[in-house]
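*Asks:* What shape does this take:
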Amino acid sequence: MSPDPARFPAGFLWGAGTSAHQVEGGNRWNDWWRFEQRAGAISGGDTSGDACRHWERFDEDFALAAADGHRAHRLSLEWSRIEPAPGRRDPAAIAHYHAVLASLARHGLRPIVTLWHFTLPAWIADQGGFENRTTLDRFDEHVRFCAREFGGEVDWWCTINEPEVYAFRAYSEGRWPPAKRDESAALVVIGNLLEAHARAAAILRAEDRTDSDGDGHATRIGFAKHWVVLEPSRRWLPLDLLRTRIEHAVFNQAVAAAPATGRVDLSIPGARPVRRIVAGLAGSADWMGLNYYTRWKVRMFAPDPHVAAPGAALNDLGWEDFPRGIDAAARGLAEASRVPLLVTEHGVADATDRLRPRSLVETLVHLASVVSAGVPVIGYLHWSLLDNFEWADGYRGRFGLYAVDFADRGRPRTRRHSAGVLARIARANGVETSLAAEVGLAL
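*Replies:* Alright, predicted model coming up:
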């Protein structure tokens, strides 16, 4: 055994992520900005407001990432900035994103560009969003524009982010815009988003044929899939077992398998099922993004059907910190999707950095073990580079490697200890035994 057994393959991608609405500030033209103005919509009465002021400070932020040994960065293009009204594109916003991509190149950070990360232009939301199939046509136009405009600077595209999370939060739980409570609509939206991915992949392959990083490879296309470890709260209770199986089948497996099989197959009790073959969906992903955070203990007929294990370490949002769960998540997603994986999100809401350093190390030790066992994982992007606006949780969830002081208009950044931990791992391309020992973990 080598002195540092938790090693990763040569060329493994290391970095972090952000999304436009969560960090840029001033995104006034989308459905989330409007939703945030509703009383009680966001925890603590927060609004995204100026967020991290990343719109102005992106070059400084990318310099921080590069100095920490990152070689990739996931970001999103805000559709409502690029096209604030139907068919009217904003030259200033387009120029801004060219400057962002140029800054990433200057800092040696490969862009992993997400085309849809939960927000919709207000005019699209007013037409029914992804519940309305005409939105697929509008998204096609947006994707085609981005491929032609930015394709010379981008080889890695993430078409959509967490279709299952978005649909259930927005259309089942009613916690996100448009704040519906209609599980049949939630399944429709998941199906339409999977079709949007398939159509986007076809457009990107047709329009974006450049090789911006000079490595001889064509455009790489995937989407980000949230995989949560689901276990029955009471293994002796058949109803808990049943609910766990149903949720796993829809939330995890059906969405993950769709780009491999070409089938949308979504069914939950009390909702109209969505089942269809989608043209172009089979084979549409070159890679899949794994977003992994936690484990849920599942209970039937409970006010909160998802709870942490008794006595578990909890992050600041009450989620269980469960590092070893990335093993089951990576294996499950790889088996269902049949393509290589890129960890597009993993992190801990932890303002004081009490959990993150050890959690980060322990998670990556488990990930290294998965890779050594033959699961094709090609990179790890931490969520997130900066503290940011965490949707309906407002500014309660501090996921950043860099803390942001939202009480200060200048939004100063402070490097957390965990940023240094990830920097050491990225530079070593693995977890050194000495680092594991520092955080109390024996390899």
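*Asks:* hey, let's count contacts and neighbours off CA atoms from now on
*Replies:* Fine.
*Asks:* right, and the helix or strand after the helix or strand hosting residue 414?
*Replies:* If you go by DSSP states H and E, residue 414 is part of strand 413-415. Sequence order places helix 417-428 as the next helix or strand after strand 413-415, per DSSP H and E.
*Asks:* List the buried residues for that next one?
*Replies:* Within helix 417-428, the residues that count as buried by 16 or more other CA atoms under 10 Å are 417-419, 421-426.
*Asks:* Backbone torsions only: list them for residue 86.
*Replies:* phi -50, psi 120 (degrees, to the nearest 10).
*Asks:* residues near it, how many?
*Replies:* Using other CA atoms under 10 Å, residue 86 has 11 other residues around it.
*Asks:* hmm, back to that, what does the strand holding residue 414 contact?
*Replies:* Contact with strand 413-415 is made by 386, 401-405, as judged by CA atoms under 8 Å, 6 or more residues apart in numbering.
*Asks:* closest to residue 375 among those residues?
*Replies:* Of all the contacts of strand 413-415, residue 375 sits closest to residue 401, with 26.9 Å by CA to CA.
*Asks:* The closest one: neighbouring residues, count only.
*Replies:* Number of residues near residue 401 (other CA under 10 Å) recorded here: 31.
*Asks:* quick one: contacts for it?
*Replies:* Shown in contact with residue 401 (CA under 8 Å, 6+ apart): 384-387, 415-419.
*Asks:* Dump those residues to TSV, plus pLDDT and distance to residue 334.
*Replies:* Formatted as TSV, these follow (pLDDT from 0 to 100; distance: CA to CA, whole Å):
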residue	pLDDT	distance to residue 334
384	98	23
385	99	26
386	99	28
387	98	30
415	98	34
416	98	32
417	98	32
418	98	28
419	98	28
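*Asks:* wait, which of those is closest to residue 234?
*Replies:* After measuring the contacts of residue 401 against residue 234 - CA to CA - the closest member comes out as residue 384, at 33.5 Å.
*Asks:* what's the nearest residue to residue 133 if we skip its chain neighbours?
*Replies:* In this structure, residue 133 finds its nearest non-sequential neighbour in residue 192, 7.1 Å apart by CA to CA, 6 or more residues apart in numbering.
*Asks:* where does the one you found fall, phi/psi-wise?
*Replies:* Backbone torsions for residue 192, taken as degrees, to the nearest 10, come to phi -70, psi -40.
*Asks:* residues contacting it?
*Replies:* Under the criterion of CA under 8 Å, 6+ apart, the contact list for residue 192 reads 130-131, 133, 136.
*Asks:* Of the residues you listed, which is the most crowded?
*Replies:* Within the contacts of residue 192, most neighbours by other CA under 10 Å means residue 130, with 23 neighbours.
*Asks:* was I right about it contacting residue 193?
*Replies:* Yes - with contact defined as CA atoms under 8 Å, residue 130 reaches residue 193; the gap is 6.9 Å.
*Asks:* from the contacts of residue 192, which is closest to residue 102?
*Replies:* residue 136 (29.6 Å).
*Asks:* mind listing the helices for the stretch 151-300 of the chain?
*Replies:* With helices called from DSSP state H, counting those that start in this stretch, the stretch 151-300 of the chain shows them at 163-171, 183-207, 238-247, 255-261.
*Asks:* Kindly reformat these as TSV and extend each row with distance to residue 306.
*Replies:* Shown next, in TSV, are those (distance: least, CA to CA, whole Å):
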stretch	distance to residue 306
helix 163-171	14
helix 183-207	17
helix 238-247	10
helix 255-261	20
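*Asks:* Residue 276 is nearest to which of those?
*Replies:* Of all the helices of the stretch 151-300 of the chain, helix 183-207 sits nearest to residue 276, with 8.7 Å by CA to CA.
*Asks:* starting at the chain centroid, how far to that closest one?
*Replies:* Its chain's C-alpha centre and that of helix 183-207 lie 16 Å apart, by CA atoms, centre = their mean, to the nearest Å.
*Asks:* Please apply the same query to stretch 391-398.
*Replies:* In this view, stretch 391-398 has its centroid 15 Å away from the chain centroid, taken as CA atoms, centre = their mean.
*Asks:* The residue lying closest to residue 411 once chain neighbours are set aside: how many residues sit nearby?
*Replies:* Nearest residue to residue 411 in three dimensions, chain neighbours excluded: residue 405, at 5.2 Å (CA to CA, 6+ apart). Residues near residue 405, counting by other CA under 10 Å, number 14.
*Asks:* if I read this right, residue 405 contacts residue 412, doesn't it?
*Replies:* Yes - applying CA under 8 Å, one finds residue 405 in contact with residue 412, separated by 5.7 Å.
*Asks:* leaving aside the residues next to it on the chain, what's closest to residue 103?
*Replies:* residue 59 (5.9 Å).
*Asks:* For that neighbour, give me its contacts.
*Replies:* By CA under 8 Å, 6+ apart, the residues touching residue 59 are 100, 103-104.
*Asks:* Let's see the pLDDT reported for it.
*Replies:* If you check residue 59, the pLDDT there is 98.
*Asks:* just how off-centre is the helix or strand where it lies within its chain?
*Replies:* Using DSSP H and E, residue 59 sits in helix 54-67. Here the centre of helix 54-67 is set off from its chain's centre by 20 Å, with CA atoms, centre = their mean.
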